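S.K.: Build me a model:
(chains A, B, C, D and E, ligands or ions: 4)
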Amino acid sequence: MPVVLFILLLAAAWEAGARMFEIPHYIIPKLSDVLVSMGDNWRLLSKHFAITLGEAVLGLGISAVFGVLAAVWIESSGLAKKTIYPLIVTSQTIPIIALSPIMVMWFGYEIWSKVAVVILFTFFPIAVNTADGFRSADPDIGELLRTMGAGRFDRFRKWKIPSALPGFFTGLKMAAAISVGGATLGEWLGGENGLGMYTKRASNMLRGEAVFSGVLLLSAMGVLLFLVVLAVERAALAHRRNKNE
Amino acid sequence: MPVVLFILLLAAAWEAGARMFEIPHYIIPKLSDVLVSMGDNWRLLSKHFAITLGEAVLGLGISAVFGVLAAVWIESSGLAKKTIYPLIVTSQTIPIIALSPIMVMWFGYEIWSKVAVVILFTFFPIAVNTADGFRSADPDIGELLRTMGAGRFDRFRKWKIPSALPGFFTGLKMAAAISVGGATLGEWLGGENGLGMYTKRASNMLRGEAVFSGVLLLSAMGVLLFLVVLAVERAALAHRRNKNE
Amino acid sequence: GSNGSNKGADSAETELTVLLDWYPNAVHTFLYAAEEQGYFKEAGLKVKLQTPADTNDALKLVATGKADLALSYQMQVAISRAEGIPIVSVGAIVRHPLNQLLVLDSQAIHSPKDLIGKKIGYPSIPLDEAIVNTMVKTDGGDPSKLDYVDVGWDLIPAMSTKKVDAIIGGYVNHEKLLLEKEGEKLIALDPSKYGVPDYYELVLTASEDGLKKNGAAIKKFMEAAARGQAYTASHPDEALQLLLDQQNKEFPLDADIEKQSLAILLPLMDAGTEPFGSQSEQSWRSIIDWLKEQGQLTKDVDPAEAFRNL
Amino acid sequence: MIESHETEPPGADLPKTSAPRTPEQPAVLSVRGLGFGFAGETPLFEKLDFSLKQGEFVSVLAASGIGKTTLFRLLSGLLVPQAGTIAIGEAGDAPAAASKLGKIGYMPQKDCLMPWRTVLDNAVLGLELGGMPKREARRQVLKLLPGLGLDGTANKYPHELSGGMRQRVSFLRSLLGGGELLLLDEPFSALDAMTRVGMQEWLLQVWEQHRTTVLFITHDVDEALLLSDRVLVAAQSPITSLNELAVDLPRPRSYEFAMDEAFIDLKRRLLGLIGRGARGSSEEAGRLP
Amino acid sequence: MIESHETEPPGADLPKTSAPRTPEQPAVLSVRGLGFGFAGETPLFEKLDFSLKQGEFVSVLAASGIGKTTLFRLLSGLLVPQAGTIAIGEAGDAPAAASKLGKIGYMPQKDCLMPWRTVLDNAVLGLELGGMPKREARRQVLKLLPGLGLDGTANKYPHELSGGMRQRVSFLRSLLGGGELLLLDEPFSALDAMTRVGMQEWLLQVWEQHRTTVLFITHDVDEALLLSDRVLVAAQSPITSLNELAVDLPRPRSYEFAMDEAFIDLKRRLLGLIGRGARGSSEEAGRLP
Ligand SMILES: Nc1ncnc2c1ncn2[C@@H]1O[C@H](COP(=O)(O)OP(=O)(O)OP(=O)(O)O)[C@@H](O)[C@H]1O
Ligand SMILES: Nc1ncnc2c1ncn2[C@@H]1O[C@H](COP(=O)(O)OP(=O)(O)OP(=O)(O)O)[C@@H](O)[C@H]1O
Ligand SMILES: [Mg+2]
Ligand SMILES: [Mg+2]
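M.R.: Numbering: from 1, shown residues only, chains lettered A, B, ... in the order given. Ligands and ions are numbered 1, 2, ... in the order given. Presented below is the predicted three-dimensional model:
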């Protein structure tokens, strides 16, 4: 409830601010105009919404799988830790847009170039947080498992994985929030569809209302994905003592 | 050492790959050409490097301070948790590029618009990881402190903060890696200086070697910042049992 | 790869991927007209239009054979060739500068030399600086006293929020129209009137290899495009409607603006007695010379090799 | 408010006993009608009454899992009673739950050492919270470590200690925390007999010097008898009352007395009080697969 | 390889004793010339020799902090000896350190329960690792819980248990882990006397049924005497040898015997062996600030 109230408050502040300060509508439109524009273009927007959501979810899913695999690899091999980890870090430091021709060359203008950008955005937080989760595992439990004859695989399954779960979810939550930004950027690198494209074109047309309906929907999508992950986390960690209150 | 070896290996692979597959130099130039171009423009590059580094470090510093403050606020107040946290999450889901006019309107073309983008990029991982670090604090120690008459402040200082330190560093490491990307994007929103600007102009002039020298330096800067944070983390958590081996 | 023939049901059709310079707008009407009127099909072509992130990407993709044709700029083609990117212009689409210096009418700026001491916004393209420098110099001002601000992507907000006094990089058929629609009065200063050679704003490019392999198809493409342009010139409203209909499925264009835009464009695209798209060596020589003079070319470029009249 | 279930210990007037206890001693802790149970569980306490007098040393003996630790958490204010009142301090009726915190030295059953602090810094915690400068606090604690068999461990981290050493650090920390009431939850369970005796003597010294009131959970009948003025026994669950045994042995006591007639008699009575409180019993022992 | 420090227990031929032990019994564990110390510390073990025979129940008594837990971690293969050999199993000379893991049931001193698993799922761990289907393993363990006084706790999480209950879950888990050698590190230290007796009887049943060899750390002299065939005592640090007391009492034993002459005599001898091993001593007790 307080969240809803808070959102309403923000909305009111926006509307009032836009009216009071007379900001050009193509920079910050009035919220009411945005909502009207959203209503007018409802069908188009929902089509683009679905496309961007698809890119984000696909990229997020792939990142989750490979992020965890990378974390596992880092955790289990000293060499991987010394090679993969720096590589992952470096991948984050590269300005993607500078390499857009390469992205397009490799992944084309279809959905895969967008998914690739989403992966580049979301892989990192998942891998790093999961790897740190593995490291935070209680060594005493690991020792106990060794005395019971548990091999590497069993120790991973029964000790490292449950221990890394909270870290994994922290990473996945962050990834969910930024995945939409990745998809948007991917669409900007080239494409015909999606809310990112919609906002880009609207922005080139100085249609502030259209830009902001796109931005609002993108934002809502990010929050939505975040909440989905949050719900899964709640369920998965329901019985952890200091997670979820 | 293995890291250095690994980097040399990657460099060799780049050079060899570019030669063998006859990749056009305007898509991926040969590493040797990039290094030559870097040497030729050394003074210019180092000037731009310093500027971008300044933006990244300033943004990172501000993010660290406010990210931690936000995490503290989230941790200590139920209302903040219900309002600030969603706000932070939402801030990540907004496609910055779509709102670049606003950024420029508010922060101008000076350093502050770049710092603002860096903050937008780096605030989130710091705040979320620190907040999750707070939550992972052992409740039994908290109880013990309460029985000793420790107030909220003392409990924070002596229990929550040490417990959140590993999470904070996880977040800061991630933030360090992506801060450079933020500064680059910020420079693309407008400005005269910095490596991001350098690469963008080089890209507009179709100078592949110059683009890649910019990208390499940006990447190196990100890795450098990451390593600095890593060193601080190592020092701060030296005696933690399952951190750092 | 997209060149080569389509092995599908209609094996006679040659598939061509064409990268636009920007998202579809009035300047592309001739392409949509050719498509919708069936001219491409009649020429045995299957044309796929794509919007890339920017034209630099487009040039590189054409050069590597990932696409067959790209709309680009004459100056960009010259620079590409200097950088060793094997790109050839196969047709001049817009024959005169659209990129003009835009100034708010209220600023009391009537000619380029009035810009001394003012802030000029430009979009991270060093060429734009060269254009303004030449204009000011020709007008009798000292270019070294100009104050440039790189405004990145956002030209219009930069001016409307008074961060800059003038912008270069905006098009008279787009940025100017949009700003005027917002009620601003604007003056546009044409570079070709102030010392910059009159150049082709938009050209269609192919790669050297592509031209060798696919020359025939590209020639057919140009012919079909010429028919599209002819149709557009004679039926501007109907032709524009074809574009709008196509685009409204993806993104609603502003019909008003596009209509005005097309009205501005049509005379600038008209090759007169020459066939649509034809280019003169003179134009290429003068722009290359100017670029060299401005220090924008790292290597000499042979004007004769930069273009091909099919 | 003041109650006296206790008979005057005959040893009270012995010269070595520095804290004479009379029936007029005020109640430092009084529990009235206490009721508590964890959500969804059968209650652990129902209408429980008991009180401690100033300076008393009282042990609690009861089966594992019956609620001793929970009682301590209630007394220290970490849990809030569902019924009844817990009053601490002379003014037996005033304080609310929160105000209990900090008046009490609590040694929890788990050692709860901070893994990021050395032995010294863990032990120093209470003094630090009390506002003593860190350097001074460290200096004082450093002098105490040898007495606890912890010499040379000052700069070790908890995971480098043995179980019994961790327990002693935790014990020291709780003593230094101050407070008029000391709640010790099985403080010596991980110690061997010799070390345990050392700790017991140490504890008695502190108790006599500072006249702290001590409530002491133990499973060791001898230990309870050796240390306490009274032993409280909880025999059934939920706990509705505590059976009480006054230990009227002279002080100072030592394990030499353990063979004495009086001691053995008390021990027999105590064992009688305990009854068969344990939940587990050998008869029910299942078969291992 | 086979050694016999042990004299034949006279009760070995009593009908109830299901595991008769003879001097010919093979050594299931033999330690030769063991040397170990933590980096930068004085060594804990030097040239230590001892061995356990198949089916023996041996207790270890020693001061806190002397190295008992470390010895267990060495025996279980978690730590690697700096000198000497540790051989487990009949073929006393073959196996390397790694192969010890899994042949041993180890109950660590800390409970080490997995906080994300219920009591049932914690207890089931060993069976699960052994490859038993989860459902079947749960069913079997569920039947054992009441015998340990843990009925009704199957679906609780460790932080909802009392200290003694956690210890019992850990105990059950280690028993179910299997292995020919059971290492128990103070398994009953958090239990009251009654529950403890129940657990001891339970343990003895298991031991007699399965003829497991048990090495048992305790600080309780009575417990050691009641359970063991032999008691090993480490009196000095570093540990260079273990003093040994053969407990030649008939089985089954019970605390009723604790007042018997033979028992009291053994106890006196055992206390004599222990000597003054504790590091702490009351004389050194400092003053509290
Ligand atoms: N990981 C470690 N690093 C350094 N020193 C250690 C480590 N573990 C134990 N020690 C030291 O080794 C010694 C023996 O410890 P150990 O745990 O074996 O004692 P213990 O006999 O089991 O004692 P207790 O009865 O108190 O459990 C102690 O002095 C302890 O400080
Ligand atoms: N946080 C909790 N949530 C639910 N039940 C709990 C919780 N803490 C304790 N219990 C239950 O309350 C009962 C009493 O626990 P408590 O820790 O007070 O026992 P205890 O008397 O201290 O036992 P021990 O001697 O074994 O330490 C137990 O049955 C336990 O399962
Ligand atoms: Mg307890
Ligand atoms: Mg131990």
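S.K.: and D:Q54, how many residues sit next to it?
M.R.: For D:Q54, the neighbour count with other Cβ atoms under 10 Å in any protein chain shown is 19. From N, CA and C alone the C-beta is placed, and that goes for glycine too.
S.K.: Equivalent analysis for A:G78, please.
M.R.: Counted by other Cβ under 10 Å, the residues lying close to A:G78 total 10.
S.K.: Any figure for the gap between it and ligand 2?
M.R.: 40 Å (Cβ to the nearest ligand atom, to the nearest Å).
S.K.: And that residue, how close does it get to chain C?
M.R.: 40 Å (Cβ to the nearest Cβ, to the nearest Å).
S.K.: Now do that residue against B:L237, distance only.
M.R.: Distance, A:G78 to B:L237, using Cβ to Cβ, to the nearest Å: 19 Å.
S.K.: next one: A:A98
M.R.: 35 Å.
S.K.: Where does pLDDT dip in the chain?
M.R.: Just going to use chain A. A:1, A:242-245 (pLDDT under 70).
S.K.: nope, chain D
M.R.: Low-confidence segments of chain D, defined by pLDDT under 70: D:1-25, D:90-102, D:275-289.
S.K.: quick one, domains of it?
M.R.: D:1-7+D:25-103+D:179-289, D:111-177 (automatic domain parsing).
S.K.: Tell me which of these sits nearest to A:M148.
M.R.: The closest of the domains of chain D to A:M148 is domain D:1-7+D:25-103+D:179-289. By Cβ to Cβ, the value is 15.4 Å.
S.K.: chain center to the closest one: distance?
M.R.: The chain centroid and the centroid of domain D:1-7+D:25-103+D:179-289 are separated by 6 Å under Cα atoms, centre = their mean, to the nearest Å.
S.K.: does any bit of that domain sit next to ligand 4?
M.R.: No - contact of domain D:1-7+D:25-103+D:179-289 with ligand 4 (Cβ under 5 Å from the ion) is absent, the minimum separation being 7.4 Å.
S.K.: Is chain A within reach of that domain?
M.R.: No - judged by Cβ under 8 Å from any Cβ of the partner chain, domain D:1-7+D:25-103+D:179-289 makes no contact with chain A; its nearest approach is 13.9 Å.
S.K.: Which parts of the stretch 151-289 of chain D are helices?
M.R.: D:163-176, D:193-210, D:221-227, D:261-274 (DSSP state H, counting those that start in this stretch).
S.K.: Buried residues in the second one, which are they?
M.R.: Read it as helix D:193-210. Using 16 or more other Cβ atoms under 10 Å in any protein chain shown as the test for burial, helix D:193-210 gives D:193-208, D:210.
S.K.: That one and chain E in contact?
M.R.: Yes - counting by Cβ under 8 Å from any Cβ, chain E is contacted by helix D:193-210 at D:193-199, D:201-202, D:205-206, D:209-210.
S.K.: Please render the domains of chain D as TSV that adds distance to C:A43 to the earlier fields.
M.R.: Converted to TSV, the domains of chain D look like this (distance: least, Cβ to Cβ, whole Å):
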stretch	distance to C:A43
domain D:1-7+D:25-103+D:179-289	79
domain D:111-177	76
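S.K.: Between those, which one is closest to chain C.
M.R.: domain D:111-177 (46.2 Å; Cβ to the nearest Cβ).
S.K.: end to end, how far does that closest one reach?
M.R.: Domain D:111-177 has an end-to-end distance of 15 Å (Cα to Cα, to the nearest Å).
S.K.: Just confirm yes or no for it near chain E.
M.R.: Yes - counting by Cβ under 8 Å from any Cβ, chain E has neighbours in domain D:111-177: D:127, D:132, D:140, D:143-144, D:146-151, D:160-165, D:168, D:175-176.
S.K.: Buried among those? Make that a PyMOL selection.
M.R.: A single PyMOL command selects the buried members of those (16+ other Cβ under 10 Å):
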select buried, chain D and resi 127+132+140+144+146+147+148+149+150+160+161+162+163+164+165+168+175+176
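S.K.: rewinding a little: and the residues of helix D:193-210 next to chain E, which is closest to B:D40?
M.R.: Using Cβ to Cβ, the residues of helix D:193-210 next to chain E come closest to B:D40 at D:T195, 74.5 Å.
S.K.: what's C:Y39 in contact with, if anything?
M.R.: Neighbour list for C:Y39: C:33, C:224-225, C:227-228 [criterion: Cβ atoms under 8 Å, 6 or more residues apart in numbering or on different chains].
S.K.: Model confidence at it, what's the number?
M.R.: Per-residue pLDDT puts C:Y39 at 94.
S.K.: tell me the SS of the residue lying closest to it once chain neighbours are set aside?
M.R.: Spatial nearest neighbour of C:Y39, chain neighbours left out: C:A224 (4.0 Å); criterion: Cβ to Cβ, 6 or more residues apart in numbering or on different chains. With DSSP: H, G, I helix; E, B strand; the rest coil as the basis, C:A224 sits in helix.
S.K.: ok now do C:A224, which residues does it touch?
M.R.: So C:A224 contacts C:34, C:39-40, C:42-43, C:45 (Cβ under 8 Å, 6+ apart).
S.K.: Quick check: it vs A:T170, distance?
M.R.: 57 Å.
S.K.: if I look at the closest residue to ligand 4 within chain A, how far off is D:P115?
M.R.: Nearest to ligand 4, among the residues of chain A, is A:D140, at 12.6 Å (Cβ to the ion). As judged by Cβ to Cβ, A:D140 and D:P115 stand 11 Å apart.
S.K.: relative to its centroid, which residue of chain A is most remote?
M.R.: Ranked by distance from the centre of chain A (Cα atoms, centre = their mean), the top residue is A:T147, with 40.3 Å.
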